[in-house]
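Peer 1: sequence unknown, structure follows:
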């Protein structure tokens, strides 16, 4: 960590503990810089764990996953360009739900939001517009409210024309007098993305009503200069249920860049269509109120000088507004606001693009903030505090959220030319291929304490190519990656004929991402391999490494320099070209390297098709199933090639008993497996029918040592009868050891370590066709392997970490060099009954980041026969 050239930052902000003693019901202490939940319940690191960390496996209904997966094949929300403002939508209120968790807090239940918005549309007849931006995983409508001065159709078209010039012709936009004079700066206020952090929604409703009714000149000026977009509740499922996650069990504020959930996709589309220059994201609970910008490390793909200039100044305004409400530690239990960039050294960073405010700068925001209001009302507090105390706290949080919103609007109105110019310059640098400007007290005047520890920039390549043709990885994976880039508004071209670029030859049909484009930062944050930041800081808030370019199963080549420019004969891509194929005659071979290929296989097996496995792990589909194969090729974009190979073993419909995280449960269903959630509690209750399962997958929520005698006997009988077992991480390894299944000693690395790692695949049924990279979180490896235990995958030599944060422990153990060359995935025959066992020390299903590794788990579940 470098030494700041300005005001030094303490590692954390100490809180006045004495103030809490004066309160009847003391509030939790302020969060420290160490990534962890304040008081055990706040917004620290939240890895996907079983049932909110209560030791039970995920039990998300299959229907919610199906809705999210089906919605992923279409746009979450179609842009509504027609008409001026206001835009009226009469909302049909859902049925009242007396179990809505908001009610206890004296807050607005979800079923009351639609009637309130209908009323506000009438009240603020020329200022308030309501649109439905999509539906949640649980099927609830997502309400987008727009507040602005009325616009005719022509005026609205002119605003859209200016928005498009800013993005697509930023150099011209910088000189456009019309934009300088009359473009309305877009502000986006996102609320309640964590369902049990409620109060932003209520503050938003109060703000809408206030601006709808106001007659003063200041409000008229604000609405003339801005368009204010409010996502009233980003997570209605969680708001109703009182859960952080949505109905699929996903933390939506970890879903950006992968966008697996409909709520995240709706926000992404709002970002693209509305192009906010300023945004805030309302959360809880950190006391005092936490207001970003963040500590280092800062995302290296940002134009951080433009971002810090605006974000820090807006943070000061929000801080003054929040502190100006008059709440005190002694009287109310409310500590003064905290700005991590100024007040903390590390532990609350903006490195990964997985959070809403950290994604928004890639869509043009030059100020984006997480706001954490202070008074905890969720989790244990919700269950134990008196209703009166909960409502007191919720009212304070609502006040503070409202103060942050109003201060942000004041800043945007006053600094409209500056924030619009910053957005234009962000896009201009991308389109021109201009160098980033490192932050310093000279380049960002007025921001104290900038030091070398804040300087993160990158060397953008000239282009990326997703090659077509022989010798490349899965065309299915390539199409998925290209569609994902396009969905994020990254520009992609498809070559019409063969070409050369950067000294290499590529075939027609290859995809090219020219990095001289307005949203180059977003293209790079998706495709680049990332950076090893282990030496930079001692701790990180969440994940530190990601790369869809390396982990989504497609071949991606980086063209660092192209002296002649990127002059490829091609066309702009709106959607990847179809990749489905069925050979016209003969038996068919379906590779099982991609989750969509697993989904196609599982569909065939459900339909009773007699499929066999070949020696290389592919599926041999009989010619008689050609018609079914054609339908699946169209649906999933997979290829069935002609083959003369012979099958070595029959493949059967696989029913999976799963004690896993919500994300893993979702991934298993994405691959088409029939999943039966199971847990220690379910087995001890005697309610689980082992005869309905073929294989057990354990990563969380099932402990052999905690099974009672009857449950243990039933488990042992399942294994002795040929039931297969797949384990992942410490829970899987512990079950394997306690049940005495496979001779393999697990060695745990640093528990906070995570990132993209190099691996060596041995081929065969589990890792045949697997990519050369995977993802780890709390990495593990296996030693002391017994006779017959096969190493399917090993960590790469030297330092296997490509990007992320993986340090050794204080005693020097558990680092990446200890893992080098060690077994990451092992398999063999169980000592009980001879059934197959596969153990993973990696995280091949982590939050949809390693899509290219999903199939390893799928193949393990199907093929774990020893």
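Peer 2: It's in. The shown structure was predicted, so the numbers you read here are calculated from the model rather than taken from an experiment.

Peer 1: Tell me where the longest helix sits in this protein.
Peer 2: Determined from DSSP state H, the single longest helix within the chain is helix 387-414.

Peer 1: Any buried residues in it, and which?
Peer 2: Of the residues in helix 387-414, 389-413 count as buried by neighbour count, 16 or more other CB atoms under 10 Å. (C-beta placed from N, C-alpha, C; glycine too.)

Peer 1: just stretch 607-617 next, same as before
Peer 2: 609, 611-614, 617.

Peer 1: So which elements touch the longest helix of the chain?
Peer 2: The contact analysis (3 or more CB pairs under 8 Å, 6 or more residues apart in numbering; DSSP states H and E) places helix 387-414 against strand 185-191, helix 199-213, helix 217-225, strand 226-231, strand 278-284, helix 304-323, strand 367-373, helix 379-384.

Peer 1: now the helix or strand that it is followed by, how far from the chain's geometric center?
Peer 2: Counting by DSSP states H and E, the next helix or strand C-terminal to helix 387-414 is helix 416-432. The chain centre lies 26 Å from the centre of helix 416-432; the measure is CA atoms, centre = their mean, to the nearest Å.

Peer 1: thinking again about what came up before, pick the one among the buried residues of stretch 607-617 closest to residue 437.
Peer 2: residue 617 (49.8 Å; CB to CB).

Peer 1: Check the protein and tell me which residue is nearest its centre.
Peer 2: The residue lying closest to the centre of the chain (CA atoms, centre = their mean) is residue 255, at 1.8 Å.

Peer 1: is it true that that one touches residue 353?
Peer 2: No: if you go by CB atoms under 8 Å, residue 255 and residue 353 don't touch, sitting 11.0 Å apart.

Peer 1: where does the closest residue in space to residue 362 that isn't next to it in sequence land on pLDDT?
Peer 2: Distances taken as CB to CB, 6 or more residues apart in numbering put residue 522 closest to residue 362, at 3.8 Å, once the chain neighbours are dropped. In this model, residue 522 is scored at 98, pLDDT.

Peer 1: same thing with residue 5?
Peer 2: For residue 5, pLDDT reads 32.

Peer 1: before we move on, the earlier item: generate TSV for the buried residues of stretch 607-617, with distance to residue 427 and secondary structure as supplementary columns.
Peer 2: Listed next are the buried residues of stretch 607-617 as TSV, based on distance: CB to CB, whole Å; DSSP: H, G, I helix; E, B strand; the rest coil:
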residue	distance to residue 427	secondary structure
609	51	coil
611	50	strand
612	54	strand
613	51	strand
614	50	coil
617	46	coil
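
Peer 1: ok, which pair from those is furthest apart?
Peer 2: 609 and 617 (17.9 Å).

Peer 1: Averaged pLDDT, the longest helix of the chain. What do you get?
Peer 2: In this model, helix 387-414 has an average pLDDT of 98.

Peer 1: hang on, residue 117 is in a helix, isn't it?
Peer 2: Yes: note on residue 117: a helix contains this position according to DSSP: H, G, I helix; E, B strand; the rest coil.

Peer 1: So what touches stretch 149-165?
Peer 2: Contacts to stretch 149-165, defined as CB atoms under 8 Å, 6 or more residues apart in numbering, come from residues 81-86, 126-127, 172-173, 176, 178-179, 182-184, 186, 220, 223-224, 227, 275.

Peer 1: One more pass at 7 Å, please.
Peer 2: Contact with stretch 149-165 is made by 81, 83-86, 126, 172-173, 176, 178-179, 183-184, 223-224, 275, as judged by CB atoms under 7 Å, 6 or more residues apart in numbering.

Peer 1: so of these, which ones are in helices?
Peer 2: Applying DSSP H to the contacts of stretch 149-165, the entries found in helices are 172-173, 178-179, 223-224.

Peer 1: Just among these, which is most surrounded?
Peer 2: Counting neighbours by other CB atoms under 10 Å, the top entry in the ones in helices among the contacts of stretch 149-165 is residue 173, with 25 neighbours.

Peer 1: per-residue confidence for it?
Peer 2: You'll see residue 173 listed with a pLDDT of 98.

Peer 1: residues touching it, list them.
Peer 2: Applying CB under 7 Å, 6+ apart to residue 173 gives the contacts 165-166, 179, 424.

Peer 1: ok so, going back, between all of the ones in helices among the contacts of stretch 149-165, which two are at the greatest distance?
Peer 2: Across the ones in helices among the contacts of stretch 149-165 (CB to CB), the longest gap, 27.2 Å, separates 172 and 223.

Peer 1: so how many other residues sit close to the closest residue to residue 574 other than its chain neighbours?
Peer 2: The spatial neighbour of residue 574 that comes closest, neighbours along the chain excluded (CB to CB, 6+ apart), is residue 486 at 6.5 Å. Number of residues near residue 486 (other CB under 10 Å) recorded here: 17.

Peer 1: now, among the ones in helices among the contacts of stretch 149-165, which is nearest to residue 758?
Peer 2: Among these, and counting by CB to CB, the member closest to residue 758 is residue 173, at 42.8 Å.

Peer 1: any idea how far the closest one lies from residue 419?
Peer 2: 13 Å (CB to CB, to the nearest Å).

Peer 1: pLDDT value on the spatially closest residue to residue 234 that is not a sequence neighbour, please?
Peer 2: Closest residue to residue 234 apart from its sequence neighbours, by CB to CB, 6+ apart: residue 193 at 4.1 Å. Residue 193 is assigned a predicted lDDT (pLDDT) of 98.

Peer 1: I'm done for today, thanks for sticking with me.
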